[in-house]
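**Q** Curious how this folds, go ahead:
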Amino acid sequence: MGPAVELWKETEMGKMRSKYEKLREKITFWEDKKTKKAKRKLHRTERGVEKTKLKAMQRYSEDNERIDTIVASARAHAYGMQIKEELKVKQKANLMRTSGHASESNKL
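**A** Coordinates of the predicted model:
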């Protein structure tokens, strides 16, 4: 009975080793698959963050350009209005000098 039991034991041990070797391979395959998937997701997220950051920077740049345009226009308009008002004051002063009359708003 000794050699038959030994043969059966070795056969069963071989089957068991084979079974668990396949199981370890499945576990390793699953681990690799999940690891690669997680890494792809990480890269996708990082690219998304980079794209979001890039979009934000572009939006910021566009906003600044728009603001600069508006400010330049407003400054030019204000300067034009200032020149116009100064010219009116100068003309009024010249009129007062030539006529000898002070305007009602200048009298105290």
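**Q** pLDDT wise, what is Glu104 at?
**A** pLDDT, Glu104: 58.
**Q** Over to Asn94?
**A** Predicted confidence (pLDDT) for Asn94: 88.
**Q** elements contacting the helix or strand hosting it?
**A** According to DSSP states H and E, Asn94 maps onto helix 2-99. Helices and strands touching helix 2-99, as assessed by 3 or more Cβ pairs under 8 Å, 6 or more residues apart in numbering; DSSP states H and E, are absent. No exception for glycine: its C-beta is placed from N, CA and C like everyone else's.
**Q** chain center to that helix, what's the gap?
**A** When C-alpha coordinates are averaged (Cα atoms, centre = their mean, to the nearest Å), helix 2-99 and its chain have centres 5 Å apart.
**Q** if I look at Met81, how far off is Ile67?
**A** Distance, Met81 to Ile67, using Cβ to Cβ, to the nearest Å: 21 Å.
**Q** actually Lys41, not the one I wrote
**A** Lys41 is 38 Å from Ile67, by Cβ to Cβ.
**Q** With Lys55 instead?
**A** 18 Å.
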